[in-house]
Each structure stands twice: as C-alpha cells, then as structure tokens.
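> below are the sequence and a predicted model; questions follow.
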Amino acid sequence: MNWGEFFNMGGYAFYVWGSYLLTTAILGLNIWLPLRKYRAQQKKIRHANETTS
Amino acid sequence: MIFQKYAAPKYFYPLAGKCLPWFAWLSVLALATGLYLGLFVAPPDYQQGETVRIMFVHVPAAWMSMFVYALMAGAAAIGLVWKIKLTDTFIVASAPIGASFTLLALLTGSLWGKPMWGAWWVWDARLTSELILLFLYLGFMSLQSAIDDPRRAARAGAILLLIGVINLPVIHYSVEWWNTLHQPASVARIDGPRIHSSILIPLLVMAVAFKLFFINVVLIRMRSAILDNEADSRWLKEQGA
C-alpha cells in the first residue's frame, strides 16, 4: 500500500483527516479532564489520610 | 436486592473502581480494531469515494448522542419514581459526554456535507433536530449549574430530560418524515442493514468502542462526584480512595 495515496484520501484528506482529528480531540478532552480531576482528588484524600493516621 | 445495594455510593464506588481498568483496556482494543478496519480494510464507496470513512466516526458519534440522552432520560424517570441518588450522579456525569458526542456528530457531519452536498450546513430536518439535541444537553447543564439545591436541580433536570425525549424519534424518523438532504438510515432498519459487511463491521466495532469509552468516562466522572459529595463520609475514610 502507498502511504502518499493513503494520506491523500482520494483528494478528500482535509475532510477525512479533519474528522478523525476532531474525534481524537473531543475523545481526548473527554477522558483527560475528568481523569486529571479524579487523580487530584485521590492524591488529596491519600494525603489527608496520611496526616491524620 | 442487589441493584439497590450497589446503588449506594459506599458499594458503587469500589465496584466502579474494579471495573474501570477492564473497560479501559476493552475500549482501547475496540478503538484500535475499529480504526484499523475503517481506515485500512474498508473499501472506498463507489459514489462517495474515501469520504465514506468519515462515517466510521460520524455515525457512532450520532448514535451515542441519542443513546446517552435515552440513558439519561431513563435514569431520570427511575430517579423521579424511586428517589435513588445514584441516578442523579449518573445523569450529571453523562451530560457533558453526551453533549460532546452531539457536537462531534454535527462537526464531522459538516466535514462530510461540504464535499458531498457542497455546503457545511443546511437547515435540513435531520441536522436541525440534532442541533436541538445539543441545545437540550446544554440547557440541562446550565439548569444544573443555575439551581443551588441539588434535589431541586435534579427534579428540574429530570423534567427537562423527559420532555426532551420527544426529540429522539424526531431525529430518527426525520429522514423519512421530511424530504431531507441527509441520507436515510442504512443500518437501524426494520428489514435489516443495507450496507456491505466490509463497511458494516468497522462501523459496528467503532460503535461498540464509543460505548465502552462512554462507560469509562462516566465511571470516572461518577467516582469523582462521589468523592466530592461524600468527602466527610466515614466509609470513604475507612476504605480510602
């Protein structure tokens, strides 16, 4: 298979790759933002437990 | 009843934590398989050429936009009748995910519409009803942040969600009821799918991948919300996060 042809997507590269790029961005933000908050919460709780016990 | 037991944050929280790594690996696996099949194995369409590959993200995103809304409305009905706190946690956690899938369906649809129809946007029944769905999600989210009392916010939100359910059949049947530019359904048909398996299989794998991804994110968001709400509970202090 030819990579140049693959990336060209029959002349529709902007539309096809644009769609996949948007999908990556939206799914990425969806997982990254809640995970960042969740990890910070867990860190805080672990910290609090260590200082009290 | 087992369901009622696990609807208590004390039991739901560790259960969700145990399930999370499984769903994480399954969704990575399904996404990788779906992308490989969709980008490398599926053939270009005889009419739409390579743009048909947009379908593998567009259609699962659009299905998710409706699926998540239906789940939220179902949970809202259960919450109104049985007053289970966990359904509110689920609904609030799901809303931003559903909204972002709706936005993704609209944006990828726009990127598909431009080369095939010659327009980024048309006021077609399918596109308009999907845009209304986005406004329903955003309306629900702003209603939640506008009402301070969590129980009143949950009730008002549930009523909004249940009224908005009417939009789901409108989206689904819009391509039959109105003369639309958007193509009619080719998978969710009473007489069975009308597309070739080389395109149908990647599409279904991507749909499963998006569902697994949703479960993942919703479980993380729900655990986060439980940590916020139950910060002073004794079970959380004993169990640790």
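Perfect, thanks for sending it.

> name the residues of chain A found near chain B, please.
A:1, A:9-12, A:15-16, A:18-20, A:22-23, A:26-27, A:29-31, A:34-35, A:37-38, A:41-42, A:45-46, A:49 (Cβ under 8 Å from any Cβ of the partner chain). (C-beta placed from N, C-alpha, C; glycine too.)

> put the buried members of those into a ChimeraX selection.
Buried residues among the residues of chain A next to chain B (16 or more other Cβ atoms under 10 Å in any protein chain shown), as a ChimeraX selection:
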select /A:9,12,15,16,18,19,20,22,23,26,27,30,31,34,37,38,41,45
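
> just the residues of chain A next to chain B: which are in helices?
Judged by DSSP state H, the residues of chain A next to chain B include A:15-16, A:18-20, A:22-23, A:26-27, A:29-31, A:34-35, A:37-38, A:41-42, A:45-46, A:49 as members of helices.

> excluding chain neighbours, give the residue nearest to residue B:195 in space.
residue B:186 (5.0 Å; Cβ to Cβ, 6 or more residues apart in numbering or on different chains).

> measure the one you found to residue B:46 for me?
14 Å (Cβ to Cβ, to the nearest Å).

> okay, those two: which has more neighbours?
Counted by other Cβ atoms under 10 Å in any protein chain shown, residue B:186 and residue B:46 do not tie: residue B:186 has more neighbours, with 14 against 7.

> verify the stated contact: the more buried one with residue B:194.
Yes: assessed by Cβ atoms under 8 Å, residue B:186 is found in contact with residue B:194 at 4.7 Å.

> what comes up buried for the helix or strand encompassing residue B:168?
Per DSSP states H and E, residue B:168 falls inside helix B:167-177. Using 16+ other Cβ under 10 Å as the test for burial, helix B:167-177 gives B:167, B:168, B:170, B:171, B:174, B:175.

> of all these, the one with the weakest confidence?
On pLDDT alone, residue B:175 ranks lowest of the buried residues of helix B:167-177, at 90.

> any idea how far residue B:126 is from the residue nearest to that one when sequence neighbours are not counted?
Among residues not flanking residue B:175 along the chain, residue B:184 sits closest, at 4.5 Å (Cβ to Cβ, 6+ apart). Going from residue B:184 to residue B:126 by Cβ to Cβ gives 9 Å.

> repeat that for residue B:149.
38 Å.

> and residue B:195, by the same measure?
From residue B:195 to residue B:126 the distance is 18 Å (Cβ to Cβ).

> looking at the two, which one has more neighbours?
residue B:126 (22 against 14).

> tell me if the more buried one really is in a helix.
Yes: remark: residue B:126 belongs to a helix, assigned using DSSP: H, G, I helix; E, B strand; the rest coil.

> neighbouring contacts of the helix holding residue B:168?
B:66, B:69-70, B:125-126, B:129-130, B:132-133, B:136, B:180, B:182-185, B:188 (Cβ atoms under 8 Å, 6 or more residues apart in numbering or on different chains).
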